[in-house]
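Asks: Got a predicted structure plus its sequence, pasted below:
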Amino acid sequence: MHFLEKFYYKTLKYELINKFNYSSTKNLPNLKTIILNFGCKTADIKQLADCLLALELITQQKGSFTKTKYSKILFKIRKGNPTGCKVTLNKFNKFKFLELLTVEIFPKLKNFNGLNSKSFKKNDFSYELNNTFSFPELEKNYYLFNNLPKLDISIVSSNFNKKSEELLFLLKSYQLPFKN
């Protein structure tokens, strides 16, 4: 059990119950998954392979290609061609990656003022990471990963009441740096 998961069960559950007045512990929000995604505008196989390798180095988990649902004439992409790659983190790996974000990645970013608390949807939070070289695995192999696109990080919760305040409270409790 990761220490962030233990923190959720020992402390954070009680804080959520006291702050948001839940009638049952089954309705408490918790982190469901973290999705990392590289979206490429072109179907260049070399760039897609670099993106997939980068995701696998960052997460130590196998990734998958994302395919287009319809044709894009402007980008010269046919329906069903791969245009990106993603990794879905569950269980222990999501807490491990969340720890990596808060301890190593965000402190390394230049001109980082904090995450925008207005970029919430119903039950997920998305952030676009421009500098992927804050990951130590990618920094060691700069010559391979110097042309990576932006990394999209989506944190999905099982928020039953669909209120973004609860998810914001949950993520702030995990010490993610948000702007005031």
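Replies: Nice, I can see it.

Asks: okay, and for the protein, where does confidence drop off?
Replies: Residues of the chain that meet the criterion pLDDT under 70 lie in 41-43, 72-77, 80, 160-162.

Asks: Tell me the first helix or strand C-terminal of the longest helix along the chain.
Replies: If you go by DSSP state H, the chain has its longest helix at helix 45-59. As assigned by DSSP states H and E, the chain's next helix or strand after helix 45-59 is strand 64-67.

Asks: for the residue minimising distance to the centre of the chain, helix, strand, or coil?
Replies: The residue lying closest to the centre of the chain (Cα atoms, centre = their mean) is I153, at 2.8 Å. Judged by DSSP: H, G, I helix; E, B strand; the rest coil, the three-state class of I153 is strand.

Asks: Spatially nearest residue to it, not counting backbone neighbours?
Replies: Excluding its sequence neighbours, the residue lying closest to I153 (Cβ to Cβ, 6 or more residues apart in numbering) is Y127, at 4.8 Å. For glycine as for every other residue, the C-beta is placed from the backbone atoms N, C-alpha and C.

Asks: Roughly how far does the one you found sit from K150?
Replies: In this view, Y127 and K150 are 10 Å apart by Cβ to Cβ, to the nearest Å.

Asks: Surely L28 and L16 touch.
Replies: Yes - shown here, L28 and L16 form a contact pair, counting by Cβ atoms under 8 Å, at 5.4 Å.

Asks: which neighbours do the two share?
Replies: Counting by Cβ atoms under 8 Å, 6 or more residues apart in numbering, the contacts common to L28 and L16 are Y22.

Asks: for stretch 64-73, which positions count as buried?
Replies: Buried positions in stretch 64-73, judged by neighbour count with 16 or more other Cβ atoms under 10 Å: 66, 68.

Asks: that older thread, any chance you could list what contacts the longest helix of the chain?
Replies: Here helix 45-59 makes contact (Cβ under 8 Å, 6+ apart) with 36, 38, 40, 62-63, 65, 82-87, 89, 93, 97, 132, 135, 137-138, 141, 144-145, 147-149.

Asks: ok, 7 Å please
Replies: For helix 45-59, contacts defined as Cβ atoms under 7 Å, 6 or more residues apart in numbering pick out 36, 38, 40, 62-63, 65, 82, 85, 87, 89, 93, 97, 132, 135, 137-138, 144-145, 147-148.

Asks: List the contacts of F20.
Replies: With contact taken as Cβ under 7 Å, 6+ apart, F20 is in contact with E166.

Asks: Tell me how far it lies from Y9.
Replies: For F20 relative to Y9 (Cβ to Cβ), the value is 17 Å.

Asks: and what of I155?
Replies: 19 Å.

Asks: That'll do, ta.
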